[in-house]
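Novice: got a sequence here, can you model it:
(chains A and B, ligands or ions: 1)
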Amino acid sequence: MSIRIGTNSFEQRIQEGIKNDFMRGAVSSAQGRFRSGRLKAAEELGNWEDWRTLGEEIRNHTMENLDYYLQQLSDQVSKRGGNVFFAETAEEANEYIQNVIKNKNGKKVVKSKSMVTEEIGLNKALEEAGSEVVETDLGEWILQLDEDPPSHIVTPALHKNKEQIRETFAAKKGYDKTDKPEELALFAREQLRKDFLSADIGITGCNFAVAESGAVTLVTNEGNARLVTSLPDTQISVMGMERLVPTWEDLEVLVSLLTRSAVGQKLTSYVTSLTGTRLEDEVDGPEEFHLVIVDNGRSKILGTEFQSALHCIRCAACINACPVYRHVGGHSYGSIYPGPIGAVLTPLLDGYEDHKELPYASTLCAACTEACPVKIPLHEHLIRHRQIIVEKENKAPKGEKLAMKGFAKWGSSPAAYKMSTKMARTALKPWTKDEKIENGPGPMKGWTNVRDFPAPSKQSFRSWYKTRKKGDES
Amino acid sequence: MKVSLFITCLCDIMSSDVGKDTVEILEKVGCEVDFPELQTCCGQPAYNSGYLKESKESMKQMMRAFKDSEYVVGPSGSCVAMLHEYPHIFKGDPEWEEAANDLAGKSYELTQFLVDVLGVTDVGSKFKGTVTYHPSCHMTRLLGVKDAPMTLLENVKGLEFVELPVKEDCCGFGGTFAVKNPVISEQMVQEKTEHVTETGAEYLVGGDMGCLMNIGGRMTRNGQPVKVLHIANILNQ
Ligand code: SF4
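Specialist: Below you'll find the model as predicted:
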């Protein structure tokens, strides 16, 4: 799997999403829970807006000095016995990890949840190279058994219900109990425990790496990342090159923003910071540690008007606030990064060709921008994408382009504009019945297929204003 | 106080009554209202669709039209929020930057102007009926106007107010979105109409004609009897 998921067109994906009643019910209630949790957790802090501003400042400062902090991070990791690899592309990252496993004669890999490894298609690459890969985050494990891509960046199996999960467990693992969440979870735990114990390689993502100490920080609720990072002798952490903070203090701010925004918790059950290998005087830690820092298109975003998209801390608050996501679900975006941040990030990382509809899959209601804990102006980025699609990529529909040319003429000519205010009612008369249009002509169909269009007013404002003025004067 | 009406193209073409009511309310609270005839559209339909060049043509016309105005007041949060974007759009443009700053600095949405500039919280209107209110996204999130409409509605005599569930959710209008993505828009507006019905209100009120046309159009299509009014319609009763 890589960024792109499926081969269906945008329209097909949307239709499928909208028809999937179960998914919509699940997404809508999850959104409700996440949203109220987030608002409550934010309110508890009292000065949420100050926290957001601080978060934005830290992210901005880090991106402005990314070279410096990446170097510092790399030096610190090396100092603590770890190896650092900068991968420019997904292929380079995958190849490096394949080689680490090969050199260790590794067979079984256990993984904790990581979006960047989804992005680079790591599981597939490792399996092709002969490794057995087991996802140990419950949601990811379910999806792995089902060969289904994630539909959300924090709760990847949001689109599945317990009955579907029971079926998957039964078909793939011989599960024979009920669909009670406790029983399902217990079964998963028993199954995964065997994998933890027999794995030789542990792979994690990275919520934040701390540059001043070289620590990789993982934020989870299930504790699986702790097993991934304590049982196997060899550990590999994979991070997007923007996922770092300068200091421990900065980490505290961003973890606070992350857990509150993602799940409405002050803190998740586990926040783990890992620093390199076991040194001589230490009692624990891996024998070997590798930090793989993935570029995969990110450095091309640096220095552009989209730079703040790299500030993202993957909390999914924007996704949970998005009414479009609620109705179409994550898979409709055709990207492992769905929702508003997905619509911004996906074309940047994977080009416009396959994702040109995404920036338009938004009403620009700005609920995402309002929810984002690090103040990324998501809806403004969507408008920027649209400008590029129209002006640089030349991918806008012809009819629309003509209409917009007409708009420019109309909007800059008061005479033409005034004429249209006079003529609108007459022009629409053939389609008007009972002061409304139920079946409009041409491009109006998009509107009237789903709702009525009112007839323009009988008396135009301008004529009212004129007669009134005359009346005043007399 | 001298105020220029920015009627917005939607009200100009579709709902002249909103323009009339806006003029009358402003006069009632002591403003001298003029209507600069050279005004057109704020440019939003083109701007939000990615047609920057085309949108600027319309924006320039707006700056010409209102250059001598002291205050510019319009019955739409969304269109006024667009005017407030002009300074970003024309930043560094030697010919237009100043005019953009000028227009943005003197433009207000109707309820914002009444409450925040004039300090008027009661325009002396009376209205009988149960009313719910949809706070449009651009008015609240882009322009930051949340309380002014509520303050004014609270002081309308006889009006019974009921809160709209999940009121902050977008109605699915989104300008060209409604036509470009009707399938998604339909789901969004349907959900909104269901929330309106839940309130049991007789009237749905809002401050943005686009959203009201969208929700209203879906409600008549569904055969829902709720009537749709612009907040100016209520304040001028
Ligand atoms: S864009 Fe903002 S709200 Fe969305 S996932 Fe990233 S940090 Fe969270």
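
Novice: how about low-confidence regions in the chain?
Specialist: I went with chain A, as the question did not name one. Applying pLDDT under 70 to chain A picks out residues A:1, A:470-474.

Novice: quick one: name the residues of it near the ligand.
Specialist: Residues of chain A lying close to the ligand (Cβ under 6 Å from any ligand atom) are A:261, A:312-318, A:341, A:371-374, A:376, A:378. Heads up, the C-betas are built off the backbone N, CA and C, glycines and all.

Novice: kindly indicate which of those lies nearest chain B.
Specialist: residue A:371 (10.3 Å; Cβ to the nearest Cβ).

Novice: surely the closest one and residue A:323 touch.
Specialist: No: taking contacts as Cβ atoms under 8 Å, residue A:371 lies outside contact range of residue A:323: 11.9 Å.

Novice: comparing the two, which residue is more hemmed in?
Specialist: residue A:323 (27 against 23; other Cβ atoms under 10 Å in any protein chain shown).

Novice: longest strand in chain B, by residue count?
Specialist: The longest strand of chain B (DSSP state E) is strand B:126-134.

Novice: now what about that one, what contacts it?
Specialist: B:149-150, B:153, B:156-164, B:167, B:171, B:192, B:196, B:199-206, B:211-212, B:215, B:231, B:234, B:237 (Cβ atoms under 8 Å, 6 or more residues apart in numbering or on different chains).

Novice: can you identify the element that follows it toward the C-terminus?
Specialist: helix B:137 (DSSP states H and E).

Novice: can you give me how far that next one is from the chain middle?
Specialist: 10 Å (Cα atoms, centre = their mean, to the nearest Å).

Novice: do that helix and chain A meet?
Specialist: Yes: judged by Cβ under 8 Å from any Cβ of the partner chain, helix B:137 comes into contact with chain A through residue B:137.

Novice: residues contacting residue B:67?
Specialist: B:99, B:102, B:103.

Novice: go again with 10 Å.
Specialist: Residue B:67 sits next to B:36, B:38, B:99, B:102, B:103 when contact means Cβ atoms under 10 Å, 6 or more residues apart in numbering or on different chains.

Novice: all strands for the chain, in order.
Specialist: Just going to use chain A. Going by DSSP E, chain A shows strands at A:83-87, A:108-111, A:132-135, A:201-204, A:208-210, A:215-220, A:234-240, A:244-245, A:270-274, A:288-294, A:432-433, A:436-437, A:453-454.

Novice: not what I meant, chain B
Specialist: Going by DSSP E, chain B shows strands at B:2-5, B:32-34, B:71-74, B:107-109, B:126-134, B:157-161, B:203-206, B:227-230.

Novice: for the most centrally placed residue in chain A, what are its contacts?
Specialist: Taking Cα atoms, centre = their mean, the centroid of chain A lies closest to residue A:337, which sits 3.9 Å from it. Residue A:337 makes contact with A:3, A:115, A:118-119, A:150, A:153, A:312, A:314, A:319, A:330, A:343-346, A:348-350, A:358, according to Cβ under 10 Å, 6+ apart.

Novice: again with residue B:99
Specialist: Residue B:99 neighbours (Cβ under 10 Å, 6+ apart): B:59, B:60, B:62, B:63, B:64, B:66, B:67, B:86, B:87, B:90, B:93.

Novice: these two touch, right, residue A:149 and residue A:118?
Specialist: Yes: proximity of residue A:149 to residue A:118 meets the contact threshold set by Cβ atoms under 10 Å, at 7.6 Å.

Novice: which residues do these two both contact?
Specialist: Contacts common to residue A:149 and residue A:118, judged by Cβ under 10 Å, 6+ apart, are A:1, A:5, A:143, A:156, A:336.

Novice: residue A:187: which of these is nearest?
Specialist: residue A:143 (16.2 Å; Cβ to Cβ).

Novice: what about the closest one, distance to residue A:320?
Specialist: With distances taken as Cβ to Cβ, to the nearest Å, residue A:143 is found 19 Å from residue A:320.

Novice: let me see the contact set for the closest residue to the ligand within chain B.
Specialist: Proximity of chain B to the ligand (Cβ to the nearest ligand atom) peaks at residue B:141, 14.2 Å away. Residues near residue B:141 by Cβ under 10 Å, 6+ apart: A:364-370, A:379, B:77, B:81, B:135, B:168, B:170.

Novice: let me know how buried the residue of the stretch 101-250 of chain A found nearest the ligand is, in neighbour terms.
Specialist: Here the stretch 101-250 of chain A gets closest to the ligand at one residue, residue A:153, 6.6 Å apart by Cβ to the nearest ligand atom. The number of residues packed near residue A:153 is 24, by other Cβ under 10 Å.

Novice: quick one: residues contacting it.
Specialist: Residue A:153 touches A:113, A:115, A:118, A:262, A:312, A:314-316, A:318-319, A:330, A:336-339, A:341-342, counting by Cβ under 10 Å, 6+ apart.

Novice: could you list the domains of chain B?
Specialist: B:2-116, B:121-235 (automatic domain parsing).

Novice: okay, now the first one: how far is its last residue from its first?
Specialist: Across domain B:2-116, the straight-line distance between its terminal residues is 16 Å, by Cα to Cα, to the nearest Å.

Novice: chain center to that domain: distance?
Specialist: Worked out by Cα atoms, centre = their mean, domain B:2-116 lies 11 Å from the chain centre.

Novice: and what of the last one?
Specialist: Relative to its chain's centre, domain B:121-235 lies at 11 Å (Cα atoms, centre = their mean).

Novice: okay, how far is it across it, tip to tip?
Specialist: 11 Å.

Novice: quick check: mean pLDDT of that domain?
Specialist: Throughout domain B:121-235, pLDDT has a mean value of 96.

Novice: report the buried members of the contacts of strand B:126-134.
Specialist: With burial judged by 16 or more other Cβ atoms under 10 Å in any protein chain shown, the buried subset of these is B:149, B:153, B:156, B:159, B:164, B:171, B:192, B:196, B:199, B:201, B:203-206, B:211-212, B:215, B:231, B:234, B:237.

Novice: of the residues you listed, which are in range of chain A?
Specialist: B:171, B:192, B:211, B:212, B:215 (Cβ under 10 Å from any Cβ of the partner chain).

Novice: and of the contacts of residue B:141, the nearest to residue A:89?
Specialist: Nearest member of the contacts of residue B:141 to residue A:89, counting by Cβ to Cβ, is residue A:368, at 29.0 Å.

Novice: deepest in the core, which of the strands of chain A is it.
Specialist: Comparing these by mean neighbour count (mean count of other Cβ atoms under 10 Å in any protein chain shown), strand A:201-204 ranks first with a mean of 27.

Novice: tell me which strands and helices that strand is in contact with?
Specialist: helix A:90-103, strand A:108-111, helix A:122-128, strand A:132-135, strand A:215-220, helix A:224-228, strand A:234-240, strand A:288-294 (3 or more Cβ pairs under 10 Å, 6 or more residues apart in numbering or on different chains; DSSP states H and E).
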